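[1] got a sequence here, can you build the structure:
(one chain, ligands or ions: 1)
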Amino acid sequence: MLANKTIVLGITGGIAAYKAADIASKLTQAGARVEVVMTESATKLITPLTIGTITQTKVVTDMFEPTSEYSLEHITLAEAADVVVIAPATANTVAKLAAGIADNMLTSTVLATKAPVIIAPAMNDNMFQNPVTQDNLAKLKARGFTIVDPAYGRLVSGKTGWGRLAEVETIIGTIKQVLGKKGDLAGKRIVVTAGGTLEPIDPVRHIGNRSSGKMGYAVAEAARDRGATVALITAPTSLPEPVGIEVVPVQTASQMKEAVAKAVAKADALIMAAAVADYQPKAVAEAKIKKAAPTLTLELVRTPDILTEVKGNFLKVGFAAESEDVVANAKQKLQKKQLDLIIANDITSAESGFGVDTNKVAIIDRDGKVDNLPLLTKREVAEKILDKVVELLGKKAGR
Ligand code: C5P
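    Numbering: from 1, shown residues only. Next up is the predicted model:
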């Protein structure tokens, strides 16, 4: 989604300026055109040569450079930008922006742009917590700027506190979220479930499954990037928490059902990518079960079927992980659970299904139409599912 987007990256003079090289590199690799504007103090910390070599664009530093390609460069950049990102943003630049001061190329560009502006402050913790900085950030937020809050951690002063530049992944996630606001899911609320539920046996053991959560997370992130408000109800996974998504952690099928029931109020679609346990131990032992008898029998009872039991006026999308008669079994499930769409995948293939980054699925709708997709990344599969969701939401609205 970053491909062919023009991102104006402003770098100001904080020690974290070196991290801007990583941001510039990741955005460039993702296909964006990155136009960099550096304040004079930023050029003392990292050279325009480093940044310009990474982005393969001309880095702008001086408003009055005689050899400047454009006479009104700040206007040109301000108009070309799909988004302006300042990372790191010092307290000084934040204060200038709050006051509308335009005394260098970066502040002039921000004043002249109609594109959304993202600010990632990084500074000493006392400077960050100073009421004047907090007031300035609140003012910018109230004017529609997006603030990526700094992280807690070690600062250059040697102290630990709030003020470190947010993680690069968080900043890039925010850029995607801001760019996606005009996407085809803008104004829609999508609830996604992910991961494999864990059903406790005793205080130290549980019944689990091999779901990695990757498919559900890919759906949630793709929906966010297309402008949706996303709630992700997730069983434990080892994946990083996605940016700009309301994440509700759960463990068991029953907890997932409760969280889904709450989240679907006003939802446009529920996409259940989670591998929900079908059975749970009838009783959870209060103390650790001792190893004594040569055999142990666990009595299991059915878990609630979330897709069937949670009702409302939203699209229902389910997954069917099958090892035989994939499409026929999935069609049956679609009928039984009264779904709008079912995503069938053959879990016997090594490159598809659990744990891997790719998936080979068929998307089946209520009319029985089967769309057999080739082997794709989970993100690509997510986009295909959402294409179909957008189409169905459009039809529903037209009815
Ligand atoms: O019946 P089966 O478990 O194969 O159905 C898979 C689909 O149903 C998935 O979308 C899964 O998230 C959902 N499911 C559910 N509640 C359960 C079991 C599965 O919502 N207890």
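[2] hey, C-alpha coordinates of stretch 149-167 in CSV?
    These are the backbone C-alpha positions of stretch 149-167, laid out as CSV (Å, rounded to 0.1, in the frame of the first residue of the first chain):
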residue,chain,number,x,y,z
ASP,A,149,3.9,8.7,21.3
PRO,A,150,7.4,8.2,22.4
ALA,A,151,8.4,4.9,24.0
TYR,A,152,9.6,4.3,27.6
GLY,A,153,13.2,3.2,27.9
ARG,A,154,16.9,4.2,28.1
LEU,A,155,17.5,7.8,27.1
VAL,A,156,20.9,9.3,26.0
SER,A,157,21.1,11.0,29.4
GLY,A,158,21.5,7.5,30.9
LYS,A,159,18.2,7.8,32.7
THR,A,160,15.2,5.7,31.9
GLY,A,161,12.0,7.5,31.0
TRP,A,162,9.5,8.5,28.4
GLY,A,163,11.1,10.1,25.4
ARG,A,164,12.6,7.5,23.1
LEU,A,165,11.5,7.6,19.5
ALA,A,166,8.7,5.1,19.0
GLU,A,167,9.7,1.8,17.3
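[3] what's that stretch in contact with?
    Identification of contacts with stretch 149-167 by Cβ atoms under 8 Å, 6 or more residues apart in numbering yields 14-16, 19, 87-88, 120-125, 127-129, 148, 170-171. Backbone N, C-alpha and C define where each C-beta goes, glycine included.
[4] same question for stretch 294-302.
    By Cβ under 8 Å, 6+ apart, the residues outside stretch 294-302 that reach it are 201, 207, 278-283, 289.
[5] please repeat the previous calculation with a cut-off of 7 Å.
    With Cβ atoms under 7 Å, 6 or more residues apart in numbering as the test, stretch 294-302 has contacts from 201, 278-282.
[6] please apply the same query to stretch 230-242.
    With Cβ under 7 Å, 6+ apart, stretch 230-242 has contacts from 169, 173, 190-198, 212-214, 216-217, 220-221, 223-224, 245-251, 256, 259-260, 263, 274.
[7] out of the residues you listed, which are buried?
    Using 16 or more other Cβ atoms under 10 Å as the burial test, those include 173, 190-198, 212-214, 216-217, 220-221, 223-224, 245, 248, 250-251, 256, 259-260, 263, 274 as buried.
[8] how much space between the nearest residue to Lys139 once chain neighbours are set aside and the ligand?
    Of all residues not flanking Lys139 in the chain, Ala98 sits nearest, at 4.6 Å (Cβ to Cβ, 6 or more residues apart in numbering). Per Cβ to the nearest ligand atom, to the nearest Å, Ala98 is found 47 Å from the ligand.
[9] for Ala98, grab the count of nearby residues.
    Residues lying near Ala98 (other Cβ atoms under 10 Å) number 18.
[10] helix or strand right after the helix or strand where it lies?
    If you go by DSSP states H and E, Ala98 is part of helix 91-99. Per DSSP H and E, the first helix or strand lying C-terminal to helix 91-99 is helix 105-112.
[11] off-centre distance for that following helix?
    Centroid displacement of helix 105-112 relative to its chain, using Cα atoms, centre = their mean, to the nearest Å, is 28 Å.
[12] which elements pack onto it?
    Using 3 or more Cβ pairs under 7 Å, 6 or more residues apart in numbering; DSSP states H and E, the elements in contact with helix 105-112 are strand 33-38, helix 73-80, helix 91-99.
[13] list the buried residues for stretch 51-64?
    Neighbour-count burial for stretch 51-64 flags 51-52, 54-55, 57, 59-61, 63 (criterion: 16+ other Cβ under 10 Å).
[14] contacting residues around it?
    Stretch 51-64 is contacted by residues 20-21, 24-25, 28, 33-38, 40, 43, 48, 69, 73-74, 104-105, 108 when judged by Cβ under 7 Å, 6+ apart.
[15] got a PyMOL select line for the buried ones in those?
    The PyMOL command for the buried members of the contacts of stretch 51-64 (criterion: 16+ other Cβ under 10 Å) is given here:
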select buried, resi 20+21+24+25+28+33+34+35+36+37+38+43+48+73+74+104+105+108
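[16] if we can go back for a sec, now the helices and strands packed on helix 105-112 in a markdown table, with mean pLDDT?
    Shown next, in a markdown table, are the helices and strands packed on helix 105-112 (pLDDT from 0 to 100):
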| stretch | mean pLDDT |
| --- | --- |
| strand 33-38 | 96 |
| helix 73-80 | 85 |
| helix 91-99 | 98 |
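[17] any idea how far the closest residue in space to Asp346 that isn't next to it in sequence lies from the ligand?
    Using Cβ to Cβ, 6+ apart and skipping the chain neighbours, the partner closest in space to Asp346 is Val326 (4.9 Å). Distance of Val326 to the ligand, computed by Cβ to the nearest ligand atom: 11 Å.
[18] and for Val326, the neighbour number?
    Using other Cβ under 10 Å: Val326 sits among 20 other residues.
[19] could you report the pLDDT at it?
    For Val326, the pLDDT comes out at 91.
[20] that concludes my questions; thank you for your assistance.
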